[in-house]
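pasting the structure only:
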């Protein structure tokens, strides 16, 4: 079975990319395929709590983070020292990797898809 | 039901999610031949909470896990949900709960 | 060795559809059955719009894909959820949404993401073009 990494790097509010990347992760998980997530760049803003987007601004993808456990998606990686990491207003379920671990991570998967 | 008509899509899902009321749910359930009981309501409210919390309609697996977590292992099994909502529990229950159709339901 | 192509880049904002087209032509010229399927996701589903009219002096990328698909007998899938939200509607979807028109070009078919998952597990590699 292929282990998949979904890499989100786009802002959740500037396009549908994050939403559609997460949809793919949920479907993979629904089909019992092992899938992990990693976040970088503008996608890190998903982690910020107390988001309340209006319907014009888009869906609140932050809310989905707490639901990932029901899909058996357990690993959400970020790179340590990312500006959103480890702040009090940030979602706590992430695993921070140092630079070397972060770079090595991409080789741990049979397939990586970027959104 | 009163005279006011509620818009459903071709498959019977509510078009305007704000239209949902418990009374409406009774009617939606009749449309799909489900006789609502307390056991049904428990799942319907759990499903609505799930959607409010995570903004997504769950497919079978996450639904089973959520029921397992909130209502216990006896109910958190697909066979239990199948007896309440025969065929496809996530689809049927989402219809009655006034939620969007779960994506890529098996 | 069989590949799946996953194309996510918009035909207008990126060259993903063009690069993937060159890839599939090169690959199938050497190994005729090496591409099991092509799955378009995100804005790439706009490739399946049968009413889009590119300028006459530019490539008709939709037509180019239709031709290679026919020639190599490769199925072209569009993610149904991504396509429907962007107005790429098959005849059967147009009935479901009670619409009078449908816009899905020939050779393309609407499928759920489950089809992509199936391709992933039955081919050696998935190559993403974005």
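Everything's here; your move. The model shown is predicted, which means the values in this text are computed figures rather than measured ones.

please state the offset of the helix or strand containing residue B:91 from the chain centre?
For residue B:91, the host element (DSSP states H and E) is helix B:89-97. Computed by CA atoms, centre = their mean, to the nearest Å, the chain-centroid distance of helix B:89-97 equals 3 Å.

just checking, what packs against it?
On a contact count with 3 or more CB pairs under 8 Å, 6 or more residues apart in numbering or on different chains; DSSP states H and E, helix B:89-97 meets helix B:22-31, helix B:38-54, helix B:60-71, helix B:78-84. C-betas here are computed from N, CA, C, even on glycine.

what sits up against the shortest one?
Looking back up the chat, that one is helix B:78-84. B:34, B:39-40, B:43, B:60, B:63-64, B:67, B:74, B:89, B:93 (CB atoms under 8 Å, 6 or more residues apart in numbering or on different chains).

now swap in the third one and tell me
Contacts of helix B:60-71 from elsewhere in the structure, counted by CB under 8 Å, 6+ apart, are A:29-30, A:32, A:67, A:69-72, B:42-43, B:46-47, B:50, B:58, B:75-78, B:80-81, B:88-90, B:93, B:105-106.

what residues sit buried inside it?
B:60-68 (16 or more other CB atoms under 10 Å in any protein chain shown).

and it with helix B:89-97, angle?
70 degrees (axes from the mean of the first three to the mean of the last three CA atoms, to 10 degrees).

ditto for the first one
Taking the same axes, to 10 degrees, helix B:22-31 and helix B:89-97 form an angle of 130 degrees between their directions.

the lowest-mean-pLDDT helix or strand in chain C vs chain B: in contact?
None of the helices or strands of chain C scores lower by mean pLDDT, DSSP states H and E than helix C:91-96, at a mean of 92. Yes - judged by CB under 8 Å from any CB of the partner chain, helix C:91-96 comes into contact with chain B at C:95-96.

next structured bit after that helix?
As assigned by DSSP H and E, the chain's next helix or strand after helix C:91-96 is strand C:108-111.

got the buried residues for stretch C:65-84?
C:65-66, C:68-69, C:72, C:74-84.

chain A: which of those is nearest?
Among these, residue C:82 lies closest to chain A (CB to the nearest CB), at 6.3 Å.

any bit of the host helix or strand of residue A:67 sitting next to chain B?
Element membership for residue A:67 (DSSP H and E) is helix A:62-67. Yes - Helix A:62-67 reaches chain B (CB under 8 Å from any CB) through A:63-64, A:66-67.

how far away is the closest residue to residue B:89 other than its chain neighbours from chain A?
Distance criterion CB to CB, 6 or more residues apart in numbering or on different chains; nearest residue to residue B:89, sequence neighbours excluded, is residue B:81 at 3.9 Å. Applying CB to the nearest CB, to the nearest Å, the value for residue B:81 to chain A is 14 Å.

what does residue C:24 give?
In terms of CB to the nearest CB, residue C:24 sits 19 Å off from chain A.

now swap in residue C:105 and tell me
For residue C:105 relative to chain A (CB to the nearest CB), the value is 21 Å.

pull the number of nearby residues for that residue.
19 (other CB atoms under 10 Å in any protein chain shown).

residue C:123 now?
19.

report the buried residues of stretch A:6-25.
Those would be A:6-10, A:12, A:15-25, for stretch A:6-25 by 16+ other CB under 10 Å.

same thing with stretch A:103-110?
A:105, A:109.

contact partners for the closest residue in space to residue A:61 that isn't next to it in sequence?
Nearest residue to residue A:61, sequence neighbours excluded (CB to CB, 6+ apart): residue A:12, at 4.8 Å. Going by CB under 8 Å, 6+ apart, residue A:12 touches A:18-19, A:42-43, A:45-46, A:58, A:61-62.

do the same with residue A:47
Contacts of residue A:47 (CB under 8 Å, 6+ apart): A:39, A:62, A:65, A:78, A:84, A:90-91, A:94.

please enumerate the strands of chain C.
C:3-7, C:35-40, C:76-79, C:108-111, C:125-129 (DSSP state E).

with chain A instead?
Going by DSSP E, chain A shows strands at A:4-8, A:35-39, A:76-79, A:95-97, A:111-114.
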